[in-house]
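[1] Here's my sequence, what's the structure:
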Amino acid sequence: MEVLRPFDKLPAINSAALLLVGADGSAQQRLAEAVLREPKAFRISIHLAASLPLPAERDHLRPRIDLIVFIIDIKSKYSLKNVEASLAHVDASFFLGKVCFLVTGVGRVNSCSIEMSAIWKLRDTYCSPVLLCELESEKIQATTAQRLLRMLQICAGHVPGVSALTFSSLMRSSADD
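    So this is what the prediction gives:
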């Protein structure tokens, strides 16, 4: 079982790597395109995976992953099971501010297959923030991309004086209020 570790590779100068993990490839693609459309002051590489672990044979080509975003579709129990299974392949030190859960489809409450309590349980168990969004809307897609880009910038160490752990703690404090 290959475990993804946050600090097993050296960071690249003025760049960051984002890993989007989720069963819905179209949601990943739309989100990746939205992130790439946003203006940024650093080079970004986005990697898409349906699940973890990542293939070991390409590990030497893979950059250091700065932020992992687990995408959960609220109307698909399979997407939640997929994320839960993938979490076993992530080193515990990633949960010090370098992981978040992105829940899509929250605008369609009447077609939910997943209870929100399951999402909150993931948040509490892994001490990671949850972002709720509706990727069908261009405006919300852009807002979500901006949030992820800012999180990535912090996780990659491009914001002086703010660490991923500090930022994650701030996000948890605001969510608890």
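[2] Model confidence for residue 44, exactly?
    Listed pLDDT for residue 44 reads 97.
[3] which residues does it contact?
    Residue 44 sits next to 15, 16, 17, 18, 35, 36, 149, 152 when contact means C-beta atoms under 8 Å, 6 or more residues apart in numbering. Quick note: C-beta positions are derived from backbone N, CA and C, even for glycine.
[4] quick one: the strands in this protein?
    Secondary structure of the chain (DSSP state E): strands located at 15-21, 43-49, 67-73, 99-104, 130-133.
[5] what about those, which gets the closest to residue 30?
    strand 99-104 (9.5 Å; C-beta to C-beta).
[6] Who are the contact partners of the spatially closest residue to residue 18 that is not a sequence neighbour?
    Spatially, and ignoring its direct neighbours in sequence, residue 18 is nearest to residue 46 (4.9 Å; C-beta to C-beta, 6 or more residues apart in numbering). For residue 46, the contacting residues are 17, 18, 19, 20, 32, 35, 36, by C-beta under 8 Å, 6+ apart.
[7] next one: residue 5
    91, 93, 94.
[8] at 7 Å instead, please
    Taking C-beta atoms under 7 Å, 6 or more residues apart in numbering, we find residue 5 in contact with residue 91.
[9] Give me the distance between it and residue 60.
    For residue 5, the distance to residue 60 (C-beta to C-beta, to the nearest Å) stands at 14 Å.
[10] what inclination does the biggest helix by length in the chain have with respect to strand 43-49?
    Identified as the longest helix of the chain according to DSSP state H is helix 138-155. For helix 138-155 against strand 43-49, the angle by axes from the mean of the first three to the mean of the last three C-alpha atoms, to 10 degrees is 110 degrees.
[11] I'd like the numbering to begin with 39 instead of 1 from here.
    Right, with 39 as the first residue, what we last looked at is helix 176-193.
[12] coming back round to it: could you turn the buried ones of the contacts of residue 84 into a ChimeraX selection?
    Remark: buried members of those, expressed as a ChimeraX selection using 16 or more other C-beta atoms under 10 Å:
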select :55,56,57,58,70,73
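[13] Quick check: the two most widely separated of the contacts of residue 84?
    Of all pairs in the contacts of residue 84, the most separated under C-beta to C-beta is 57 and 74 at 14.7 Å.
[14] and the contacts of residue 84 as CSV, adding distance to residue 80 and pLDDT?
    As requested, these are exported to CSV (distance: C-beta to C-beta, whole Å; pLDDT from 0 to 100):
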residue, distance to residue 80, pLDDT
55, 11, 96
56, 11, 98
57, 16, 97
58, 18, 98
70, 16, 97
73, 12, 97
74, 13, 97
